[in-house]
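In: coordinates for the following, if possible.
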Amino acid sequence: MMAGPRVGAGGELVVSRVDQVAAWLVTVLVPAKFYLLFSFLLGYSFTLQRAAAEHAGAPFAPRHLRRLSCLFLLGLAHGVLLFSGDVLMVYAVLSLVLFAVRDTTSPTLLRSAAWLVAGTAACLLAWGWLTVAFAQPLRPPDVTAVVHEWVTAYRGEPGAVVEARLRSLRDTLGWNILYGADMLAAFLAGLAAGCRRVLAETDRYRAWMTQIFVCGLPVGLAGSVFMAVCRNGPLDARWYDIGSAVGVLTGPALTAAYVCGLLLLLRTGPGRRLGHVLAPAGRMALTNYLAQSLVAAFVFTGYGLAWHGRHGRSA
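Out: Numbering: from 1, shown residues only. Okay, here's the model as predicted:
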């Protein structure tokens, strides 16, 4: 997303077979899975922060609101200056909902999460069918014009980069609200898991995690493959939102399989060694999130090297 599609000297879109395969694999394995994972962890961490405040004898509400205010401001700066796909602002707003439902029972939280996922998928599916039925396929000259516009903006002066970020934030506001419901579902699932101390008592839930991994992996991969077919071909771009609807429905299964598979791996000897290697990075998730945007912005925009559109997805 930061690097953009590869373009030729005349501004035309250049797509190689290797780039197509790379984009296809990324769609299968990553989108609609990892933002759910981060959302789940934020919902889970809410219970840890609340317990820490109670242990310290400090009122939780002011501490929580202060953290959310800082998170929102960080997200605003990140979205305007570095990466228009920022999610921190959405997380800050959704965390207010967590505070409102903090004493809700786990079954109610999980039922609400399921309804939110179903509602998000239904909206995407309805919009997708309308697009397939009534929209015309994009012509190559139209695609080239759009690509040229964004490449020019991101390779330009810092002011042009910021202007493009602001335009992108405005254009994606509606979709952020829609996908916010999907993220909220993961927040609620994380809150329910935190109340049950699932990640702290993995031995207690080991059989349950094994079953989720075995069942969730094929379901999630099948949905992700269909999403890749709609987003990256052979179906054309009109099918994008139908693929996204299926991805929203099956993404939680693959996300849960990732989580449970990793937790089960960490119970083994090699897994424990891997956990020790990864733990420091895990404690710096926010730093890593912002730092990768800073590095990518320097490499791909007019802030630095301005390599936007010069390399394909595989590179």
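In: quick one: list the elements packing against the helix or strand where residue 160 lies.
Out: Using DSSP states H and E, residue 160 maps to helix 158-171. Judged by 3 or more Cβ pairs under 8 Å, 6 or more residues apart in numbering; DSSP states H and E, helix 158-171 is in contact with helix 60-81, helix 140-154. Just so you know, the C-beta spots here come from the backbone N, C-alpha and C atoms, and that holds for glycine as well.
In: what's the angle between the first one and helix 158-171?
Out: For the pair helix 60-81 and helix 158-171, the angle between their directions (axes from the mean of the first three to the mean of the last three Cα atoms, to 10 degrees) equals 120 degrees.
In: elements contacting helix 60-81?
Out: Helix 60-81 packs on helix 34-56, helix 88-100, helix 158-171, helix 285-300, going by 3+ Cβ pairs under 8 Å, 6+ apart.
In: and those: which comes nearest residue 243?
Out: Closest to residue 243 of the helices and strands packed on helix 60-81, according to Cβ to Cβ: helix 34-56, at 16.3 Å.
In: how far is that closest one from where the chain is centred?
Out: 17 Å (Cα atoms, centre = their mean, to the nearest Å).
In: so which bits of that helix are buried?
Out: If you call a residue buried by 16 or more other Cβ atoms under 10 Å, then helix 34-56 has these buried ones: 35-47, 49-50, 53.
In: weakest of the helices and strands packed on helix 158-171 by average pLDDT?
Out: Note on the helices and strands packed on helix 158-171: helix 140-154 shows the lowest mean pLDDT, a mean of 78.
In: next, the buried residues of that one.
Out: So, applying 16+ other Cβ under 10 Å, buried residues of helix 140-154: 144, 147, 148, 150, 151, 153, 154.
In: can you pull the contacts of the second one?
Out: Right, the one you point to is residue 147. For residue 147, the contact set (Cβ atoms under 8 Å, 6 or more residues apart in numbering) comprises 4, 5, 7, 11, 13, 309.
In: out of those residues, who has the most neighbours?
Out: residue 309 (23 neighbours; other Cβ atoms under 10 Å).
In: SS state for residue 102?
Out: What DSSP: H, G, I helix; E, B strand; the rest coil gives for residue 102 is coil.
In: hmm, it is touching residue 192, no?
Out: No. In this structure, residue 102 is not within contact of residue 192 by Cβ atoms under 8 Å, at 11.4 Å.
In: okay, these two: which has more neighbours?
Out: residue 192 (24 against 14).
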